[in-house]
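Participant: what's the 3D shape of this:
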Amino acid sequence: MRARLTLAAIVSCVSLGAPQVIAAPANLDGDWIGGFETYDGPVFVTAHFEEKGSTLSGNMGVPTRDDQRVALENVAERDAHVSFELPSRNGNLKFEGNRKDRRVSGHVHQGNAARDFELIKLTPLTPDLIAAVTGDYELSPGRVLLITETNGSLLYLDQEANRLGMLYAVDANTFISGPSLVAGYPVETTVTFDRAADGHVSSLIWKPTKGAAQRAMKKEFYSTEEVIFPSGDIQLAGTLLKPLTPGPHPALVMLHGSGPTTRDSLAPFADIFARNGIAVLIHDKRGTGASTGNWNRATFDDLASDALAAVAYLKTRPEINAKQIGLQGTSFGGWVAPLAASRSSDVAFVIVESAPAVSPLEHERLRVRAQLHADGFSQDVIVRALAFMDQKFEVARTGQGWQKLEDTMKRAADEGWLSYVNPPSSLESLQWNWTYLLSYDPRPALEKVTCPILVLYGQLDTIVPATENREKMEAALKRAGNHDTTIKVFDKANHGFFAAITGGRREGPSLKGLVPGYLQARVDWLRQHVPAGTDAAADIPIPGAPLPAPALTQPAVEPSTTEEGTGATRISTHS
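Facilitator: Have a look, this model is predicted:
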């Protein structure tokens, strides 16, 4: 019997020493994915090998556990025999195998333990390759498979299976995907694109490892147009998705979560809305993509102005119904959308998801506590992390004590919790955030939102905990006198509405798909509030629930019910 090879030996005990390299041909040169079995289950790995002069070096990462790349030692290939070592304090993991075409297979050893391993070479995703394969593919009437780009990678969304995952290119026509959102190994699905002589892709073959192959034809449900519109002295670049049905169409402006996100991150959601008769405007956040400005110094007022600039632009378009333009925002966008809606009667409706109803200051304390708890940190560690948060906020408020804060960060560098508390990079950055973001109070804006609003939360959300935020959200909307409020909490859903176990950060890359009912709830709500826009597309059903996402209330009025079969608990609806 072979000895057990533990995951702890692979991930937790690696060393980051300088790589040793020896002369070798560059047959391994490039990016690879693969994996091997351990006592804890399969491990998905990524590897990169590179020739520099007459030497070959490489590194390896475990994206589902730790994105950090580790330099490999003793990388060599001779006569198709490949060997390299992954450093570990428990003894190096020694890989030995044979390369055949674009695959390397063999054994990984650590002491007396041994397991099979395999690596598969990837083809670079060029812009032309991405453009050729992205789009909607109809597997059967009503079952649409979406292939879309996000941050230079390809994702697929299979709505009927409620699955979302990355696609890895083996060659220009063949892609593979694995068992979770990020993992590409063990291979669970192979996608082969049918390409004409001119490079045009008209269909694909979807082949699960366990199951029959299906052909899906590429189909257009809407047209797209690149647009540019002004917001004050900056220019925002985006894409307008227009249903093929006759207009004028109701429209939705989708807003970003936190960070330097572009329109690509919103594309999967925009696709769903557009296929259901809603025009959608997605844009690069200011200072990202083709938009001008600076996202890192954008205030809530700036972003709300950008949202209203998008609404104003849509009002100039003859194919858009100017009286049916709404906003959708998730996470950070859940602060921005209500603020924009509170300032303009041009906003006809609002959809917010994982939306904070507390200040960013209070939000950060709730987030740190919930995330650390979900990821299994001890109470002592959580106390230390929250004490750091108090120290950080005091430095932000007063401008005093920066050196002590830096010392605390240095001491905590290896304790595991520091990345959860958003350690500041400088006193200037910390104070800017205090002045323009952390001190923002969302209640005054929420108390002015009187248009129809749909609010969605995940029960296991550790970034915007549902219990604390939903109560404050409903209280604020009641004070606004809003008579068309629907608030839903999805059981076992995390911040991005993925079906989760803990809702913690560590499990994110290993999740497979969204909770049932999530997307359908949005489509159903829109059909009720903008029926003229969705009637024309009523023959395009959206099954069950669907898609992503690295992104960003109540005592109720009558009645309070539980919706069976949707995975969602209706916390409150009053109309």
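Participant: beta-bridge partners for the residue nearest to Thr123 when sequence neighbours are not counted, please?
Facilitator: Nearest residue to Thr123, sequence neighbours excluded (C-beta to C-beta, 6 or more residues apart in numbering): Ala169, at 4.3 Å. All C-beta spots, glycine's among them, are computed from the backbone N, C-alpha and C. Beta-bridge pairing for Ala169 (DSSP bridges): Phe175.
Participant: distance of Ala169 from Thr190?
Facilitator: 12 Å (C-beta to C-beta, to the nearest Å).
Participant: comparing those two, which shows the higher neighbour count?
Facilitator: For Ala169 versus Thr190, neighbours defined as other C-beta atoms under 10 Å are more numerous around Ala169 (21 against 16).
Participant: low-confidence ranges in the stretch 51-200 of the chain?
Facilitator: Scanning the stretch 51-200 of the chain for pLDDT under 70 picks out 66-67.
Participant: circling back: now do the shared contacts for Ala169 and Thr190.
Facilitator: Contact criterion C-beta atoms under 8 Å, 6 or more residues apart in numbering; residues shared by Ala169 and Thr190: Phe175.
Participant: follow-up on the earlier one: give the contact list for the residue nearest to Thr123.
Facilitator: Residues counted as contacts of Ala169 (C-beta under 8 Å, 6+ apart) are Leu122, Thr123, Pro124, Leu125, Leu129, Leu154, Phe175.
Participant: any idea how far the fifth one lies from Gly152?
Facilitator: Distance, Leu129 to Gly152, using C-beta to C-beta: 11 Å.
Participant: export stretch 142-162 as PDB, just CAs?
Facilitator: The C-alpha coordinates for stretch 142-162 follow below in PDB (Å, rounded to 0.1, in the frame of the first residue of the first chain):
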ATOM      1  CA  GLY A 142     -34.500  27.300 -23.700                       C
ATOM      2  CA  ARG A 143     -31.200  25.900 -22.500                       C
ATOM      3  CA  VAL A 144     -28.400  28.300 -23.300                       C
ATOM      4  CA  LEU A 145     -24.700  27.900 -22.600                       C
ATOM      5  CA  LEU A 146     -22.900  31.200 -22.300                       C
ATOM      6  CA  ILE A 147     -19.100  31.500 -23.000                       C
ATOM      7  CA  THR A 148     -17.800  34.900 -21.900                       C
ATOM      8  CA  GLU A 149     -14.500  36.600 -21.100                       C
ATOM      9  CA  THR A 150     -13.600  38.100 -17.700                       C
ATOM     10  CA  ASN A 151     -10.200  39.500 -16.800                       C
ATOM     11  CA  GLY A 152      -8.600  37.800 -19.800                       C
ATOM     12  CA  SER A 153     -10.000  34.400 -18.900                       C
ATOM     13  CA  LEU A 154     -12.900  32.400 -20.300                       C
ATOM     14  CA  LEU A 155     -15.900  31.300 -18.200                       C
ATOM     15  CA  TYR A 156     -18.800  29.200 -19.100                       C
ATOM     16  CA  LEU A 157     -22.300  29.300 -17.600                       C
ATOM     17  CA  ASP A 158     -24.600  26.300 -17.900                       C
ATOM     18  CA  GLN A 159     -27.800  27.600 -16.500                       C
ATOM     19  CA  GLU A 160     -29.700  24.300 -16.500                       C
ATOM     20  CA  ALA A 161     -27.000  22.600 -14.600                       C
ATOM     21  CA  ASN A 162     -26.500  25.700 -12.500                       C
END
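Participant: all helices of the chain, in order?
Facilitator: Taking DSSP state H to define them, one finds helices in the chain at 7-11, 127-133, 267-275, 300-315, 333-342, 360-374, 379-398, 402-411, 427-433, 443-446, 466-479, 518-529, 531-534.
Participant: tell me the most buried of the ones you listed?
Facilitator: Of all these, helix 333-342 has the most neighbours on average by mean count of other C-beta atoms under 10 Å, namely a mean of 28.
Participant: now that helix against helix 360-374, angle please.
Facilitator: Interaxial angle, helix 333-342 versus helix 360-374 (axes from the mean of the first three to the mean of the last three C-alpha atoms, to 10 degrees): 150 degrees.
Participant: now do helix 333-342, average pLDDT.
Facilitator: Helix 333-342 shows a mean pLDDT of 98 in the predicted model.
Participant: tell me the angle it makes with helix 300-315.
Facilitator: 60 degrees.
Participant: ok, residues contacting helix 333-342?
Facilitator: 254-257, 300-301, 303-305, 307-308, 311, 327-329, 347, 350-356, 360, 440, 442, 444-446, 448-449, 451, 453, 464, 552.
Participant: quick one, domains of the protein?
Facilitator: Here the domain parsing of the chain from automatic domain parsing is 7-121, 127-218, 222-359+441-574, 364-436.
Participant: ranking these by burial, who's on top?
Facilitator: domain 222-359+441-574 (a mean of 21).
Participant: where does that one sit relative to the chain's centre, distance-wise?
Facilitator: Put simply, domain 222-359+441-574 sits 15 Å off its chain's centre (C-alpha atoms, centre = their mean, to the nearest Å).
Participant: quick one, which of the helices of the chain is nearest to Phe221?
Facilitator: Nearest of the helices of the chain to Phe221, taken as C-beta to C-beta: helix 267-275 at 4.3 Å.
Participant: now for the closest one, which elements pack on it?
Facilitator: Helices and strands touching helix 267-275, by 3 or more C-beta pairs under 8 Å, 6 or more residues apart in numbering; DSSP states H and E, are strand 143-150, strand 234-243, strand 249-255, strand 279-283, helix 518-529.
Participant: for the longest one, output the C-alpha coordinates as CSV.
Facilitator: So that's helix 518-529. Presented in CSV, the C-alpha positions along helix 518-529 are these (Å, rounded to 0.1, in the frame of the first residue of the first chain):
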residue,chain,number,x,y,z
TYR,A,518,-31.3,33.4,-7.7
LEU,A,519,-31.4,34.5,-11.3
GLN,A,520,-35.0,33.6,-11.8
ALA,A,521,-36.0,35.8,-8.9
ARG,A,522,-34.5,38.8,-10.7
VAL,A,523,-36.1,38.0,-14.0
ASP,A,524,-39.5,37.3,-12.4
TRP,A,525,-39.3,40.6,-10.5
LEU,A,526,-38.5,42.5,-13.7
ARG,A,527,-41.3,40.9,-15.6
GLN,A,528,-43.7,42.2,-12.9
HIS,A,529,-42.3,45.7,-13.0
